[in-house]
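*Asks:* Have a look at this fold, sequence not included:
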């Protein structure tokens, strides 16, 4: 049965309070162009809501490999600060706290993620069993 996704959710960081969780168990599914550059799209497991977030600190984490396609994250808005140096010195920037879920922490959820397999998706014991069942060989550990 198909699941309705709805429209992506965006936040107004001018009025958002520090400490607000903006992505709750969201799988990073890619980037999208935005008014101020690339923004990052997460699909939350609990409600299938897409959340789109942008910012230099997130761009740094994606480019550094800390946030990767298929990874599952919580992202909390930590407030703003003024940059002291660099190309954007004197400008307000948004700060985010990012927490990554590991495969073992996803075991209680039925949903299969691109980069993390939930425990209910039984991995085959061997390559032969995987081929017979038609299961993806990437599921083997």
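*Replies:* Noted; the coordinates are in hand. Here the structure is a predicted model, which means the values were calculated and not measured.

*Asks:* now the helices for this protein?
*Replies:* 56-63, 127-133 (DSSP state H).

*Asks:* By mean pLDDT, show me the worst of the ones you listed.
*Replies:* When the helices of the chain are compared by mean pLDDT, helix 127-133 comes last with a mean of 57.

*Asks:* got the domain boundaries for this protein?
*Replies:* In the assignment given by automatic domain parsing, the structural domains of the chain cover 1-101, 113-141.

*Asks:* Mean neighbour count added to the ones you listed, as JSON lines?
*Replies:* All C-beta spots, glycine's among them, are computed from the backbone N, C-alpha and C. Below are the domains of the chain laid out as JSON lines (neighbours: other C-beta atoms under 10 Å):
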{"stretch": "domain 1-101", "mean neighbour count": "14"}
{"stretch": "domain 113-141", "mean neighbour count": "13"}
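
*Asks:* weakest of the ones you listed by average pLDDT?
*Replies:* domain 113-141 (a mean of 49).

*Asks:* Tell me who's in contact with the residue nearest to residue 55 when sequence neighbours are not counted.
*Replies:* Leaving aside its sequence neighbours, residue 55 sits nearest to residue 94 (C-beta to C-beta, 6 or more residues apart in numbering; 4.6 Å). Contact analysis of residue 94 by C-beta atoms under 8 Å, 6 or more residues apart in numbering lists 13, 55, 57, 77, 79, 80.

*Asks:* With respect to residue 47, which of these is nearest?
*Replies:* residue 77 (18.6 Å; C-beta to C-beta).

*Asks:* Next, find the distance separating that closest one from residue 21.
*Replies:* Separation of residue 77 from residue 21 (C-beta to C-beta, to the nearest Å) stands at 8 Å.

*Asks:* Equivalent analysis for residue 98, please.
*Replies:* 11 Å.

*Asks:* can you check residue 65 too?
*Replies:* 23 Å.

*Asks:* before we move on, what about residue 88?
*Replies:* 26 Å.

*Asks:* shouldn't residue 21 be in contact with residue 74?
*Replies:* Yes. Residue 21 lies in contact with residue 74 (C-beta atoms under 8 Å); the separation is 6.2 Å.

*Asks:* Contacts only, for residue 74.
*Replies:* 21, 23, 24, 25, 26, 98, 99, 101.
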